[in-house]
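Enquirer: Mind folding the following:
(one chain, ligands or ions: 2)
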Amino acid sequence: MTDVPVPFELVPPNFVPSRFDNHIQRRLSNMQGQYLDQQAYHSLLAEEDRLLYQVYELKRPELAGELLHGISIVHPGKVGREYYMTKGHFHTELDTGEVYYILKGHGFMVMETPEGSWAVEELCPGRVLYVLPRWAHRSVNVDPQEDLVMFFVYPGHAGHDYGTIEEQGFRKLVLEQGGQPAIMDNPRWSLPGAP
Ligand code: S6P
Ligand code: ZN
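Expert: Ligands and ions are numbered 1, 2, ... in the order given. Reported below is the predicted structural model:
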């Protein structure tokens, strides 16, 4: 972590930051219970614990005045008909948003609120998506070959709540249907607290 303001570069074609403090790699084994087709998940995992996505973080103190930022790279691929995706999370401090700037690839951001509102927005290079406070978010790569690469920035005190999503996933899934991405209801999902 630097204590003086110095820039870094995001160099095409892969956009890995020219300096970073933390490199996170998430694999199939980190996504237990998240994919709809559990049979496909377990047979893929038996073959190889594939790398699904990576995050390069520029560390800053986790304080309200700070902005945490970095690059996320979701690789192409599918588990059954469901595309590679991030775990997804709410921010622990619900009233914190996040900005994504899409550098490369093609995907969707799947979002929802604790009250059950949902939104799915397409991601393509040059596009900016502001994920509003209170909205959980998951990025999905729907390109058959290319990485989905995004720059993100969010408040230092946001924190991550993965548990809520781990329980039943997001309300909407992005799956391949007839060669195209399609948005579908998640059969495992019900409004938290509903009978
Ligand atoms: C953090 C921000 C991203 C994600 C990254 C991986 O608030 O939303 O840096 O951490 O896209 O997703 P996840 O759900 O595994 O943290
Ligand atoms: Zn976030």
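
Enquirer: how about the strands in this structure?
Expert: 22-27, 51-58, 67-74, 78-79, 82-83, 98-104, 107-112, 118-123, 128-131, 136-141, 148-155, 172-177, 180-185 (DSSP state E).

Enquirer: What helices and strands are in contact with the first one?
Expert: Right, the one you point to is strand 22-27. Counting contacts by 3 or more Cβ pairs under 8 Å, 6 or more residues apart in numbering; DSSP states H and E, strand 22-27 is packed against strand 51-58. To be clear about C-beta, it is placed using only N, CA and C from the backbone, and glycine gets the same treatment.

Enquirer: Who are the packing partners of the strand it packs on?
Expert: strand 22-27, strand 67-74.

Enquirer: Let me see the mean pLDDT of it.
Expert: For strand 51-58, mean pLDDT rounds to 98.

Enquirer: what about it and ligand 1, any contact?
Expert: Yes: Strand 51-58 reaches ligand 1 (Cβ under 6 Å from any ligand atom) through residue 55.

Enquirer: What strands line up against that strand, and which way round?
Expert: Strand 51-58 pairs in its sheet with strand 22-27 (antiparallel), strand 67-74 (antiparallel), by DSSP bridges.

Enquirer: what about dumping the CA coordinates of the first one to CSV?
Expert: Spelled out, that is strand 22-27. Presented in CSV, the C-alpha positions along strand 22-27 are these (Å, rounded to 0.1, in the frame of the first residue of the first chain):
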residue,chain,number,x,y,z
ASN,A,22,-3.6,-8.3,-3.4
HIS,A,23,-4.4,-10.9,-6.0
ILE,A,24,-7.4,-13.1,-5.3
GLN,A,25,-8.2,-16.3,-7.3
ARG,A,26,-11.5,-17.9,-7.1
ARG,A,27,-12.0,-21.5,-8.3
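
Enquirer: And it, what's buried?
Expert: residue 26 (16 or more other Cβ atoms under 10 Å).

Enquirer: residues in the protein within reach of ligand 1, list them.
Expert: Checking the chain against ligand 1 by Cβ under 6 Å from any ligand atom, the hits are 26, 55, 72, 86-89, 98, 137, 139, 152, 154, 160.

Enquirer: Going by distance to residue 105, which of the residues you listed wins?
Expert: residue 139 (9.7 Å; Cβ to Cβ).

Enquirer: Bridged to that closest one, which residues?
Expert: residue 109.

Enquirer: so what's it up against?
Expert: Taking Cβ atoms under 8 Å, 6 or more residues apart in numbering, we find residue 139 in contact with 53, 72, 74, 85-86, 100, 107-110, 123, 148, 150.
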